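K.L.:
pasted the sequence and its predicted model underneath.
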Amino acid sequence: QVQLVESGGGLVQAGGSLRLSCAASGRTFSTYAMGWFRQAPGKEREFVAAISWSGGSTYYADSVKGRFTISRGNAKNTVYLQMNSLKPEDTADYYCAAKRGVAVTTLQYDYWGRGTQVTVSS
């Protein structure tokens, strides 16, 4: 069982930056692929970024590529999402997720956090 807790969301102006963190419980964190997803009001949850268990491979949605960076600190059981050059369309609830095996860009993750809200004002 893995429990995930996101933090770092908030209100930021367009062009600004935020760093989201996801703290994971469990001693096997380093064996899980991790992902970030987001869901805007009235829209479906969508993939944002993912990272392999080793941190050696990362994946991004086209909409965030070049602006967002996913990373992980296995010693701290934490995964991060650095978000730069934020746009109003990035406004959403952001969710952290974990899965065994390889990282994927779909919703097929085993564990989910409760989310943290990000609001980007124009």
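P.N.:
Cool, got the structure.

K.L.:
can you tell me the centre-most residue of this protein?
P.N.:
Trp36 (2.5 Å; C-alpha atoms, centre = their mean).

K.L.:
please, which helix or strand holds the residue nearest to it when sequence neighbours are not counted?
P.N.:
Excluding the flanking residues, the one nearest Trp36 by C-beta to C-beta, 6 or more residues apart in numbering is Val48, at 4.3 Å. (Each C-beta comes from the backbone N, C-alpha and C, glycine too.) In this assignment (DSSP states H and E), Val48 forms part of strand 46-51.

K.L.:
neighbouring strands for that strand, and are they parallel or not?
P.N.:
Strand pairing for strand 46-51, determined by DSSP bridges: strand 32-39 (antiparallel), strand 58-60 (antiparallel).

K.L.:
deepest of the ones you listed, which one?
P.N.:
When the strands paired with strand 46-51 are scored by mean count of other C-beta atoms under 10 Å, the highest mean neighbour count falls to strand 32-39 (a mean of 24).

K.L.:
where exactly do the strands run in this structure?
P.N.:
4-7, 10-13, 18-24, 32-39, 46-51, 58-60, 68-73, 78-83, 92-100, 111-112, 116-121 (DSSP state E).

K.L.:
in CSV, list these along with mean pLDDT.
P.N.:
Shown next, in CSV, are these (pLDDT from 0 to 100):
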stretch, mean pLDDT
strand 4-7, 97
strand 10-13, 98
strand 18-24, 97
strand 32-39, 97
strand 46-51, 98
strand 58-60, 97
strand 68-73, 96
strand 78-83, 97
strand 92-100, 96
strand 111-112, 96
strand 116-121, 98
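
K.L.:
identify, out of these, the most deeply packed stretch.
P.N.:
Of all the strands of the chain, strand 32-39 has the most neighbours on average by mean count of other C-beta under 10 Å, namely a mean of 24.
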